[in-house]
Every structure is written in C-alpha cells, then in structure tokens.
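Q: Predicted model follows, preceded by the sequence.
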Amino acid sequence: MAFQLAACAEMLYLDLPFNERVQRISDQGFLVEIWDWSNKDIPTLVNTGAEFSSMTGYLRGDLTTAHGRQELLETATQSLEVAKQLNCPRLNLHGTGLGPGGLPVTPVEVVTPDMWLYAAETLRHIAQLGRDANKVFVLENLNVLVDHPGCPFAKASDTLALVKAVDNPYLRLNLDLYHAQIGEGNLIELLKEAQPYIGEIQVADVPGRMEPGTGEINFRGVAAALQAIGYTGVIGMEAFASGDSDDALNAFIEAFSVPSVV
C-alpha cells in the first residue's frame, strides 16, 4: 500500500456509539478522522488505542473579521490541547465557521481583496500556533453548489492560493476531491499543481458523497496520478456508506491499492 488510509468515524457505522465506531475503524487497520471534538469523550477515545489522522481544529470563528479571528485563534488553541491528548497530527480548518448542516455561520456573497489579505494574515497566526505545538493545520476546500453555499474561500483554487500565500509548513492543504469534483473538476491537474502544499487528501464519490465506485470519479486514475507525483501521505475516506460500512471500506481499499491501479 503506497498510501496511508484513514476513515471518518462521523460517517460510518452510524448504528454504533461513537467510540465503538472509532474502535471498529481502527481494528481494521485504518487511521481515524473525527470532526468536532467538543461533543466527544476524549479519554474514552484515547483508550481505544486508535491512531488519529485529523480532527476539526477550531470551534468558532472566521478568517476575515477581528472578532472572528480572535475566536478562531482561541478555539484553535483549545483544539491543539485535545490534539495532544489524541496524538493527532493534523487539525482541519474551513473558510469560516460551519453550523448545522454544514452551512456557514455567516454566509459571504462576495469575497473582497481586503478579506483575502485579512484571511492570509489570520492563517499566518494559525500557522504559528501549529509551529509552537508541532501540529499542522490543514485548510479544506468545500463546494458551494451542493453542501456549503455561502462559504468563502471554498474552492480548491482559493484554499491553495491562501496556503501558498502563507507559505508555512505548519499550514497545508486538505484537498477534498469530492468537493473539488463538484466545484472545479480536472482533478489530476489539480493534484499536480497542489502537490507541494498537500497535507492530506479526502475522498468521496460524486454524486451522493459515498464510497469510491458509487459515482463518476475515476479513483484508479486518481491513485495512479498520486503515485506518479510521489504522494505517500494520508488519504481519508470522508464518505457515507452506500450500504454496509465494511463493504464501503473494502471498496476504498480496492480503489487505492497500487496493484489495482491501471
């Protein structure tokens, strides 16, 4: 296996209590990804022995306002303490705080040049927090057409531009190919362009946000492209299961097993 595979406990084995989902994913040899840590029993998660790949790196805040920056930095600092407990190396960020249903807390219709500059400065502060704690923050692209309308800095081109502008190894890109396929497409060229700045890759098929093989994305082609550019990092399945969660994880393994790449 050329890649490190992770699976999101928020989206699989939904009939089980959360800590049992984590245990089930871990027992099958996957790294584990979680979202909001504030509603989790952290000591119980530690005791599962799972190896965590990423978690949400903030609770509130945004990139472009003074109050939002303060909340983002404060809750990012709190998140770093939890990441230390979980030994989790990456903390995920978005262009703004997300509320119920993944909708932005404060939707933005037009992102101004001043907002771009302020966002880059906010992320420089975030990267410094990561450096101090030896953890990496990753900025995730989102789609605004289906799941996250009104979210600023949502496209992969936006998140990549901000990560490039900050140019700090403690701020990288969480390149979500599900969102990128909806918002931009041209995934293989996107992977090539983003390669120096990728901290993690997340996947789900389109449409439906389910496991590889249920939609239109050629994941074998994606795997071949990743192998060609020398990517050996984490690929996280942030997807719902179309049926049985075990079957979904097996499909994920098949899609990213190098011997199956054609």
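A: Good, I have the coordinates.

Q: contacts, neighbours, all on C-alpha from now
A: OK.

Q: Give me the neighbour count for the closest residue to residue 107 other than its chain neighbours.
A: Distance criterion Cα to Cα, 6 or more residues apart in numbering; nearest residue to residue 107, sequence neighbours excluded, is residue 150 at 4.4 Å. As a burial measure, residue 150 scores 19 neighbours (other Cα atoms under 10 Å).

Q: was I right about residue 150 contacting residue 105?
A: No. Counting by Cα atoms under 8 Å, residue 150 sits too far from residue 105 to count as a contact (9.3 Å).

Q: most centrally placed residue in the chain?
A: residue 174 (4.8 Å; Cα atoms, centre = their mean).

Q: Listing partners with orientation, what would you give for the helix or strand hosting that residue?
A: Element membership for residue 174 (DSSP states H and E) is strand 171-176. Partners of strand 171-176 in the sheet, by DSSP bridges, are strand 136-140 (parallel), strand 198-203 (parallel).

Q: which residues touch the longest one?
A: This points to strand 198-203. 136, 138, 172-178, 211-212, 233-239 (Cα atoms under 8 Å, 6 or more residues apart in numbering).

Q: Low-confidence ranges, this structure, go.
A: The chain contains residues with pLDDT under 70 at 1, 258-262.

Q: try it again with 90
A: 1-2, 106, 109, 258-262 (pLDDT under 90).

Q: And the strands in it, which stretches?
A: 4-8, 31-33, 52-56, 90-93, 136-140, 171-176, 198-203, 234-237 (DSSP state E).

Q: Redo those as a markdown table? Include distance to residue 165.
A: What follows is the strands of the chain, written out as a markdown table (distance: least, Cα to Cα, whole Å):
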| stretch | distance to residue 165 |
| --- | --- |
| strand 4-8 | 28 |
| strand 31-33 | 27 |
| strand 52-56 | 22 |
| strand 90-93 | 16 |
| strand 136-140 | 13 |
| strand 171-176 | 10 |
| strand 198-203 | 14 |
| strand 234-237 | 23 |
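
Q: and of those strands, who's closest to residue 67?
A: Nearest to residue 67, of all those, is strand 90-93, at 16.8 Å by Cα to Cα.

Q: for the closest one, packing partners?
A: strand 52-56, helix 66-86, strand 136-140 (3 or more Cα pairs under 8 Å, 6 or more residues apart in numbering; DSSP states H and E).

Q: Indicate which one of these is closest to residue 218.
A: strand 136-140 (21.2 Å).
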